[in-house]
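Enquirer: here's my sequence, what's the structure:
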Amino acid sequence: MNATQHSPRVLSLYPRRYRTSHGAEILQMYRDATEGASAAAGRLEQLNIAAHAVRVRTCTGSGQRAGRFLVATAPYALAAAGSIAATGLTTAVAGAIRDGGAAGVTLPGAAVYVAVLAAGAMACLGRWSMARVLAALSVVALLAGCQGSAWLVPLLALVTVMPAAVSPGRNDRRLALAFAVITWLPSLCAAISSDGDFSLGLVQQLGPVMLVIALRTAAPDVRPRHILAILLADAPWATTATGSPIGAAIVITALFFAWGVGRLSRGRLPVTT
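Expert: All right, here's what the predicted structure looks like:
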């Protein structure tokens with residue numbers, strides 16, 4: 001495709017073969033979308049084109065295997081990030097109340113946590129575009145030095161790069177919400193307990209993911225990517241339990257057991273898609 005003076009430069013991000021086949025169509029869609037629009041709207045449309053070009057180059061479109069994996073992973077990754085953010089806020093507020101002083105989190109760090117929770121709320125409402133924007137802003141803030149768990153960056157990055165053309169299925173959205181709640185509950189118990197070191201150990205780390213894996217495996221539409229997505233989202237908790245060969249064996253055995261229970265229950269549970 002030969003670019004004209006009205007062609008956005010971001011078209012050059014597409015592979016040459018893709019530009020030759022679809023460049024004219026993309027250019028026409030860009031012109032239709034920006035005709036009579038403001039400069040800000042034009043820049044936003046260019047940003048959308050750039051994001052699509054990156055997906056084409058990285059083979060992460062909604063119709064490709066990597067893209068389908070990102071769609072399956074996004075709700076669980078966002079759930080894990082939301083649980084971490086909620087834990088950070090819960091711990092900070094409880095500490096401030098108990099000690100009668102300032103919360104143990106900076107104002108920018110608290111803003112990041114709130115943004116992550118807002119992204120989760122938008123996802124629950126089906127507004128994944130806004131969830132991706134909030135996730136991207138949170139990643140930028142964390143990389144800029146805002147206080148927050150290091151796990152938030154990879155988890156939110158998975159949400160940010162999710163293909164925009166599709167949304168996660170109902171099964172994954174519901175189970176992700178359950179995953180977020182049950183991984184956050186131990187920190188709530190610690191906050192309201194007089195013992196600040198309250199912990200359920202391996203139960204806290206493996207219980208939620210075992211339950212979610214069993215339920216997801218039992219669903220008729222399960223694919224290996226769904227189970228892998230859950231395991232990936234559980235990394236912030238599961239990795240703390242695998243510091244020794246015995247710990248790793250316990251983790252692997254528990255997850256395999258949960259998968260087996262789900263296989264035996266497949267078709268018996270009324271799970272809707």
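
Enquirer: please count neighbours and contacts with C-alpha atoms only from this point.
Expert: Will do.

Enquirer: can you pull out the helices in the chain?
Expert: 16-34, 39-58, 65-99, 107-124, 128-143, 152-160, 170-192, 202-218, 224-233, 235-238, 245-265 (DSSP state H).

Enquirer: can you name every helix or strand that the third one contacts?
Expert: So the one you mean is helix 65-99. Counting by 3 or more Cα pairs under 8 Å, 6 or more residues apart in numbering; DSSP states H and E, the packing neighbours recorded for helix 65-99 are helix 107-124, helix 152-160, helix 170-192, helix 224-233.

Enquirer: for that helix, the averaged confidence score.
Expert: Mean pLDDT, helix 65-99: 88.

Enquirer: report the separation between Ser167 and Val159.
Expert: For Ser167, the distance to Val159 (Cα to Cα, to the nearest Å) stands at 11 Å.

Enquirer: which residues are contacting stretch 144-158?
Expert: 70, 73-74, 77-78, 80-81, 84, 105-106, 108-110, 112-113, 135-136, 138-139, 142-143, 233, 236 (Cα atoms under 8 Å, 6 or more residues apart in numbering).

Enquirer: could I have the ChimeraX command that selects the buried members from these?
Expert: Here is the ChimeraX command that selects the buried residues among these (16 or more other Cα atoms under 10 Å):
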select :70,73,74,77,78,80,81,84,105,109,110,112,113,135,136,138,139,142,233,236
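
Enquirer: ok, Ser167 and Val159, which is more surrounded?
Expert: More crowded of Ser167 and Val159, by other Cα atoms under 10 Å: Val159, with 26 against 19.

Enquirer: looking at the helices of the chain, which is closest to Arg9?
Expert: Nearest of the helices of the chain to Arg9, taken as Cα to Cα: helix 39-58 at 8.4 Å.

Enquirer: what mean pLDDT does stretch 118-128 have?
Expert: 93.

Enquirer: what of stretch 29-39?
Expert: 82.

Enquirer: buried ones in it?
Expert: Tyr30, Arg31, Thr34.

Enquirer: and those residues as JSON lines, adding distance to Cys124?
Expert: Output for these, formatted as JSON lines (distance: Cα to Cα, whole Å):
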{"residue": "Tyr30", "distance to Cys124": "31"}
{"residue": "Arg31", "distance to Cys124": "33"}
{"residue": "Thr34", "distance to Cys124": "31"}
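
Enquirer: where are the low-confidence patches of this structure?
Expert: Residue ranges of the chain with pLDDT under 70: 1-8, 62, 100-104, 194-205, 241-243, 267-273.

Enquirer: can we see that at 50?
Expert: Applying pLDDT under 50 to the chain flags residues 1-5, 196-199, 271, 273.

Enquirer: to Val10, which of the helices of the chain lies closest?
Expert: Per Cα to Cα, nearest to Val10 of the helices of the chain: helix 39-58, 5.6 Å.

Enquirer: for the closest one, which positions count as buried?
Expert: Quick answer for helix 39-58 (16+ other Cα under 10 Å): Gly42, Glu45, Gln46, Ile49, Ala50, Ala51, His52, Ala53, Val54, Arg55, Val56.

Enquirer: pull the residues that contact it.
Expert: Pro8, Val10, Leu11, Leu13, Tyr14, Pro15, Tyr30, Ala33, Thr34, Gly61, Pro163.
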